[in-house]
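J.: Structure for the following, please:
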Amino acid sequence: MNKDDFLIELEDIVYDSLFIGGHKDDLNKEISANRWSISLSMQLASQLTVSDFMNFFHKVIEDRQQQILKSNSDHGMLLYVWFDWQASQLRFNLISQIHERLPFNGKIEILDELETIINEFIHFPYHDGIPIGETANEGNDVQADFDRELDPVKVFLISLPKK
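T.: Numbering: from 1, shown residues only. This next block holds a predicted model:
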């Protein structure tokens, strides 16, 4: 797949339907219905730019904001984006603003800039898989990447209000 085909495929995500829960008991359904993951090959990652993804997320945010405004809901939603390095996926989700916290089990670090997360995703060296059985020297780099598990997950968060 080339860059143009990939960007066209992303358009399907832009116009997906949004589920807006009515109360806190709907959290799991919101998480399940409003979750998207993006994967890349190393070849595709070398062709894409932060700007390509920023344009994509701008469209997603505009579409979700319009869905919220047209809904019968009395509250907005939170859109959050993170890089799941273990799965080598850029992920994003939306939950209602009525929830008190983002549904992560570990520590998170909220970032004001989405570009940081996208840049980390695009330049991740293991899009085609994490090597197993590396030599001792190369293994140190792989081990350093696995040590990320101890770091807080970097999350971009934006509120999409019901204006």
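J.: quick one: low-confidence parts of the protein?
T.: By pLDDT under 70, the weakly predicted segments of the chain are 133-150.
J.: Okay, buried residues for stretch 21-41 please.
T.: Judged by neighbour count using 16 or more other CB atoms under 10 Å, the buried positions of stretch 21-41 are 21, 26, 30-31, 33-34, 36, 38, 40. (C-beta placed from N, C-alpha, C; glycine too.)
J.: Could you pick out which of these are located in strands?
T.: Under the assignment DSSP state E, these contribute 36, 38 to strands.
J.: out of the buried residues of stretch 21-41, who's nearest Asn72?
T.: Gly21 (12.0 Å; CB to CB).
J.: follow-up on the earlier one: now the buried residues of stretch 21-41 as JSON lines including distance to Ile61?
T.: Output for those, formatted as JSON lines (distance: CB to CB, whole Å):
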{"residue": "Gly21", "distance to Ile61": "19"}
{"residue": "Asp26", "distance to Ile61": "21"}
{"residue": "Glu30", "distance to Ile61": "17"}
{"residue": "Ile31", "distance to Ile61": "19"}
{"residue": "Ala33", "distance to Ile61": "18"}
{"residue": "Asn34", "distance to Ile61": "13"}
{"residue": "Trp36", "distance to Ile61": "13"}
{"residue": "Ile38", "distance to Ile61": "15"}
{"residue": "Leu40", "distance to Ile61": "21"}
